[in-house]
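Colleague: Sequence first, predicted model second:
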Amino acid sequence: MIVLGIETTCDETAAAVVERDEDGRGRILSNIVLSQVKEHAAFGGVVPEIAARAHVEALDHVIGRAMREAGKHFYGLDGIAAAAGPGLIGGVIVGLTTAKAIALVNRKPLIAVNHLEAHALTARLTDATPFPYCLFLASGGHTQILAVRGVGDYVRLGTTVDDAIGEAFDKTAKLLGLGYPGGPLVEQEATKGNAARFALPRPMMGRSDADFSFSGLKTALRLEAERIAPLTNQDVADLCASFQQAVAEVVADRLRAGLRIFRTRYGAPTALVAAGGVAANQTIRRVLQHLATEAGTALVAPPAELCTDNGAMIAWAGAERLALGLTDSLDAAPRARWPLDEIAAAQALRKTAAFK
Ligand code: KG4
Ligand code: ZN
């Protein structure tokens, strides 16, 4: 089964061709990612209108490259998948409409993929991880602990009540004048800093639920920075190190709670899986490794280029759904908001309808 995947929900224009064989093993035939970082850098964050226009300009090109590198023609595909949300609606419309056009002209099935579901299933592409596993999704827009029990069967065990974890890194970088995107820059500064210098709060720590909060930490960091301003290079490095340390400790505590809830409800997970751009952070990866060992399970952390937004994860999620006959009609709607829990509900409805 060979599927083209298109990703345009944020600031990456991406397309990939992925193969899924009968026993569920995956192979990436091509994976093209065009980052828009340059277009948005001057604004310190993603500007939705600029993103949508950049997707329009680049997408044909990116898809063409993905097809050429895979050595495939549209008629040789088994399905066309696109991220139909959640994300910036202008970009989602560009990707989904393009996928519909290719599917219509070539008479191929369309799969409207949830972007979060694609992050959630990536571990099965890279490591053939069996269900059920515990997923920590940590990106610029999302911070979630999920029980991944099957394709389309996701239960949210914890989430952030305010900022996403990557957003906290990005805002910290912006506050300290480091640039955009902030995560990698904060990590780099932190290597030169003293994590014990600032006593920043560890929000939500010790609670029995598995939720996160980052806005208090961000405010505390801003107050410290204002208190000691003007900042020297060492101050910036120390602030970054202290911030990263606080985030890492919060992640350890919240994920430990999440794993406890997982085990109580579903038994032992087959793995702790990391996804999203923040999973590229080495300090956070170390925390995840420690937690997995402590929980007696394996850590599956896909390579950084498959943790951040890409087309291969969309193609793969499309292939997994296609294998189960879960295709979509050409009027599938683009969605700015699309919580993962809704997929299970929609699938249950479909099943009921099919039995009638
Ligand atoms: O998954 P992703 O590429 O895009 C979505 O948000 O969907 O994640 C991007 C986020 C950004 O907030 C970025 O600052 C953060 O991931 N990030 C990192 C690192 N690399 C990327 N955060 C901390 N440390 C990193 N090394
Ligand atoms: Zn993402």
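Modeller: In hand now; what should we look at? Ligands and ions are numbered 1, 2, ... in the order given.
Colleague: and whichever helix or strand residue 243 is part of, what does it pack onto?
Modeller: Using DSSP states H and E, residue 243 sits in helix 233-266. Helix 233-266 sits against strand 133-138, strand 143-150, strand 153-159, helix 165-175, helix 182-190, helix 215-228, helix 282-294, with contacts defined as 3 or more Cβ pairs under 8 Å, 6 or more residues apart in numbering; DSSP states H and E. All C-beta atoms are positioned from the backbone trio N, CA, C, and that covers glycine.
Colleague: what's the most buried one of those?
Modeller: Mean neighbours per residue, mean count of other Cβ atoms under 10 Å, is largest over these for strand 133-138, with a mean of 28.
Colleague: Between helix 233-266 and that strand, find me the angle.
Modeller: 150 degrees (axes from the mean of the first three to the mean of the last three Cα atoms, to 10 degrees).
Colleague: averaged over its residues, what pLDDT does strand 133-138 have?
Modeller: In this model, strand 133-138 has an average pLDDT of 97.
Colleague: from the stretch 151-300 of the chain, which residue is nearest to ligand 2?
Modeller: residue 276 (5.9 Å; Cβ to the ion).
Colleague: Now do the contacts for the closest residue to that residue other than its chain neighbours.
Modeller: Distances taken as Cβ to Cβ, 6 or more residues apart in numbering put residue 139 closest to residue 276, at 3.3 Å, once the chain neighbours are dropped. Taking Cβ atoms under 8 Å, 6 or more residues apart in numbering, we find residue 139 in contact with 119, 164, 165, 166, 275, 276, 277, 278, 308, 309.
Colleague: would you list the helices and strands packed on helix 233-266 in CSV and tack on distance to residue 1?
Modeller: As requested, the helices and strands packed on helix 233-266 are exported to CSV (distance: least, Cβ to Cβ, whole Å):
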stretch, distance to residue 1
strand 133-138, 22
strand 143-150, 18
strand 153-159, 21
helix 165-175, 32
helix 182-190, 34
helix 215-228, 44
helix 282-294, 31
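Colleague: Of all the ones you listed, which one is nearest residue 50?
Modeller: helix 165-175 (16.8 Å; Cβ to Cβ).
Colleague: and the closest one, anywhere near ligand 1?
Modeller: Yes. Shown here: helix 165-175 in contact with ligand 1 (Cβ under 6 Å from any ligand atom) through 166, 167, 169, 170.
Colleague: again, but for stretch 236-243
Modeller: No. Residues of stretch 236-243 are not located near ligand 1 by Cβ under 6 Å from any ligand atom, the shortest gap being 10.4 Å.
Colleague: So what's the gap between that stretch and the chain middle?
Modeller: 25 Å (Cα atoms, centre = their mean, to the nearest Å).
Colleague: ok, now stretch 31-44?
Modeller: Distance of stretch 31-44 from its chain centroid, counting by Cα atoms, centre = their mean, is 17 Å.
Colleague: got it, and stretch 296-310?
Modeller: 10 Å.
Colleague: For that stretch, what does the pLDDT average out to?
Modeller: The average pLDDT for stretch 296-310 rounds to 94.
Colleague: cool, stretch 26-44 as well?
Modeller: In this model, stretch 26-44 has a mean pLDDT of 90.
Colleague: near ligand 2, anything from it?
Modeller: No. Remark: stretch 26-44 sits outside contact range of ligand 2, by Cβ under 5 Å from the ion, the gap being at least 11.8 Å.
Colleague: If we go by neighbour counts, what in that stretch is buried?
Modeller: By 16 or more other Cβ atoms under 10 Å, the buried positions in stretch 26-44 come out as 26, 28, 29, 30, 31, 32, 33, 34, 36, 40, 44.
Colleague: which residues does the residue nearest to the spatial centre of the chain contact?
Modeller: Nearest residue to the geometric centre of the chain (Cα atoms, centre = their mean): residue 276, 3.5 Å. Going by Cβ under 8 Å, 6+ apart, residue 276 touches 119, 137, 138, 139, 140, 142, 166, 307, 308.
Colleague: Kindly present those residues as a markdown table, with separate columns for distance to residue 179.
Modeller: Formatted as a markdown table, those follow (distance: Cβ to Cβ, whole Å):
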| residue | distance to residue 179 |
| --- | --- |
| 119 | 25 |
| 137 | 25 |
| 138 | 20 |
| 139 | 19 |
| 140 | 15 |
| 142 | 22 |
| 166 | 15 |
| 307 | 21 |
| 308 | 17 |
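Colleague: Can the helix or strand in which residue 18 is found be said to contact ligand 2?
Modeller: In this assignment (DSSP H and E), residue 18 forms part of strand 12-20. No. Judged by Cβ under 5 Å from the ion, strand 12-20 stays clear of ligand 2, getting no closer than 8.6 Å.
Colleague: just to revisit the earlier point, next, the angle from the helix holding residue 243 to strand 143-150.
Modeller: 30 degrees.
Colleague: Give me the buried stretch members for helix 233-266, please.
Modeller: 235-248, 250-255, 257-259, 261-262, 266.
Colleague: From the buried residues of stretch 26-44, which land in strands?
Modeller: 26, 28, 29, 30, 31, 32, 33, 34 (DSSP state E).
Colleague: picking that back up, and the angle from the helix holding residue 243 to helix 215-228?
Modeller: Going by the same axes, to 10 degrees, helix 233-266 makes 170 degrees with helix 215-228.
Colleague: Helix 233-266 vs helix 165-175, what angle?
Modeller: 170 degrees.
Colleague: Name the residues of the stretch 101-250 of the chain found near ligand 1, please.
Modeller: 139, 140, 141, 166, 167, 169, 170, 181, 182, 183, 184, 187.
Colleague: Now compare the residues you listed and name the two farthest from each other.
Modeller: Maximum pairwise distance in those, criterion Cβ to Cβ, is 18.8 Å, between 141 and 187.
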